[in-house]
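Enquirer: Build me a structure from this.
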Amino acid sequence: MLERIPIRWRLAGTTAALTFAILCTFALVVGELTQSRIRSDFEHDVAAGADDLRDRVTIRIENGKLVRPSQSTLDLYAGSGNAIIRLLTPDGRVIKTTSHAPNLPTDRQLRTQSVDGYRVETRPVALEPFGTMLVQYGRKVSDMEQTLDRVRLFLVFGVLGGSALALLAGLAIAQRAMAPIASLTARAEEIRRTRDPGRSVPVPDADDEIAELARTLDRMLRALDASQHETEATLTRQREFVADASHELRTPLTSILANLELLAETLDGDQRDAARSALRSSHRMRRLVADLLLLARADVGRESVREPFDLSRAVVAAAGELEPVTGQHDLAVDVEPVTVVGARDDLHRVALNLMDNAIKHTPPGTRVRATVRREGNDAVLEVVDDGPGIPEEDRTRIFERFVRGGGEVAGSSGLGLAIVRAVAQSHGGRVTLTDGDDGRGTRFVVRIPAADPAPTEPQPRAASLLRS
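Expert: Numbering: from 1, shown residues only. Next comes the predicted model:
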């Protein structure tokens, strides 16, 4: 649970807890000493009051009558300390008392007593001309207890208030101390979002652990930036090598294909079969080299010759090229003229790959439909089939290289859809994958900018239909 609490709260809480413990110890020690002192002072005041009263009060007999202090004198003396006073004969008979004084037992042994919530001191008083009388002086213990309660309350509030102030001060100090870390975190998040290790992190002016952490992170980012540039340079050289190698392979492959075609026509028997098998493998190799060359050119940013042409014609030509291999599939093409500026062969490859992919990965009897239309300023090429579709877990990686949907398929290199995405992006467009009609099958939609602005009036629609 503690690990889930922010560090500033943990620091402030620890500071407040330590302060609370220190203040509690202080309060216990000081409280005990203060209470002991208050009790001692109270007892001393009662004893001193009794002694003072004994010295001031005079009881004598004049003309056979007992002369006692007046009531006002006793009340005046008792009022200063909220005390009670009683004058007694040695046998316990009350001679004089303050107002509302309780009936206290007589202590003939002159001891200190605690009776009915009072602390009472008894002193002897001379009775002129002979004998002694008793004077009792007492004060309420509750007066002392009220003082003790106020002391305890003050100590409790002092402990709680000191702990609360320590918590607030700890939060403020922790917030100030964590500010450089928060700045480092924000910059690190920005670098993660932009994926740009070339940015620097703020280094505090103080020479402390946080500043050392910032300097370490800054050095790490510079090292990562240098490593990234080295990696990008290496990848660029590799891509250029693949592009150059693929381009150089086309000439010897063309020569091999020509020779194999000649051998397949002139040889007989097993030799002809071997030549035809080698010819099929060479054709597959040429397609693979062409695919790698196209991807390599896209990686290094080499663009093919761009020119305006009608995208619908490239789709119709691709469908005508696939017609002999459609088998039991129902291939339909519905297009309208849309002019784009691009590489004719590359966009032809896009249409060919999408339709060929649908034919190869769907069962016989599946309907495949290719359409070309204009939507706003975009030319839209759409290929839809009503096959089993592509599982959700494969849709996120279906456009990656060497990924074969639906398992291994004969003649599939796993580059077809990667080429579709690369060509679409190189033409400033994109390709998306969704479900087909009625939630069945798949729908590939390629959007690239059209060559001219959207027409204000509907254009005549051209349609072509191919069926197996």
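Enquirer: Helix, strand, or coil at Gly389?
Expert: When the structure is reduced to helix, strand and coil (DSSP: H, G, I helix; E, B strand; the rest coil), Gly389 reads as coil.
Enquirer: After the longest strand anywhere in the chain, which helix or strand is next?
Expert: In the chain, taking DSSP state E as the definition, the longest strand is strand 118-128. Following strand 118-128 in sequence order, the next helix or strand is strand 132-140 (DSSP states H and E).
Enquirer: Following element in sequence after that next one, please.
Expert: Criterion used, DSSP H and E; the element after strand 132-140 is helix 141-194.
Enquirer: what's whatever helix or strand comes next after that following helix packed up against?
Expert: On the C-terminal side of helix 141-194, the nearest following helix or strand under DSSP H and E is helix 209-266. With contacts defined as 3 or more C-beta pairs under 8 Å, 6 or more residues apart in numbering; DSSP states H and E, helix 209-266 has these neighbours: helix 141-194, helix 269-300. Placement of C-beta: from N, CA and C, glycine included.
Enquirer: Run the angle between helix 209-266 and helix 269-300 for me.
Expert: Orientation of helix 209-266 against helix 269-300 (axes from the mean of the first three to the mean of the last three C-alpha atoms, to 10 degrees) gives an angle of 150 degrees.
Enquirer: and the helix or strand encompassing Asp345, what other elements does it pack with?
Expert: According to DSSP H and E, Asp345 maps onto helix 344-360. With contacts defined as 3+ C-beta pairs under 8 Å, 6+ apart, the secondary structure elements packing on helix 344-360 are helix 311-322, strand 367-375, strand 378-385, helix 416-426, strand 442-449.
Enquirer: Give me the contacts around the third one.
Expert: Meaning strand 378-385. The set of residues external to strand 378-385 that reach it, using C-beta atoms under 8 Å, 6 or more residues apart in numbering, is 311, 315, 338-340, 350-351, 354-355, 358, 362, 366-374, 429, 436-437, 441-450.
Enquirer: do the same with the second one
Expert: Applying C-beta under 8 Å, 6+ apart, the contact partners of strand 367-375 are 311-312, 315, 319, 326, 329-336, 338, 351, 354-355, 358-359, 362, 379-386, 447, 450, 454-455, 459.
Enquirer: can you give me the helices in the stretch 1-150 of the chain?
Expert: In the stretch 1-150 of the chain, helices defined by DSSP state H, counting those that start in this stretch lie at 7-56, 71-79, 141-194, listed in chain order.
Enquirer: Check which residues of the shortest one are buried.
Expert: In this case it means helix 71-79. Neighbour-count burial for helix 71-79, with 16 or more other C-beta atoms under 10 Å as criterion, is recorded at Leu74, Tyr77, Ala78.
Enquirer: Show me what the mean pLDDT comes to for it.
Expert: Throughout helix 71-79, pLDDT has a mean value of 75.
Enquirer: for stretch 360-379, same thing?
Expert: In this model, stretch 360-379 has a mean pLDDT of 90.
Enquirer: Can you pull the poorly scored residue ranges out of the stretch 251-400 of the chain?
Expert: The stretch 251-400 of the chain contains residues with pLDDT under 70 at 293, 296-297, 299-304.
Enquirer: likewise the stretch 101-250 of the chain?
Expert: Low-confidence regions of the stretch 101-250 of the chain, defined here as pLDDT under 70, cover residues 105-111, 127-131, 239, 241-250.
Enquirer: re earlier: any idea which of the helices and strands packed on helix 209-266 gets closest to Leu18?
Expert: Closest of the helices and strands packed on helix 209-266 to Leu18 is helix 141-194, at 7.9 Å (criterion: C-beta to C-beta).
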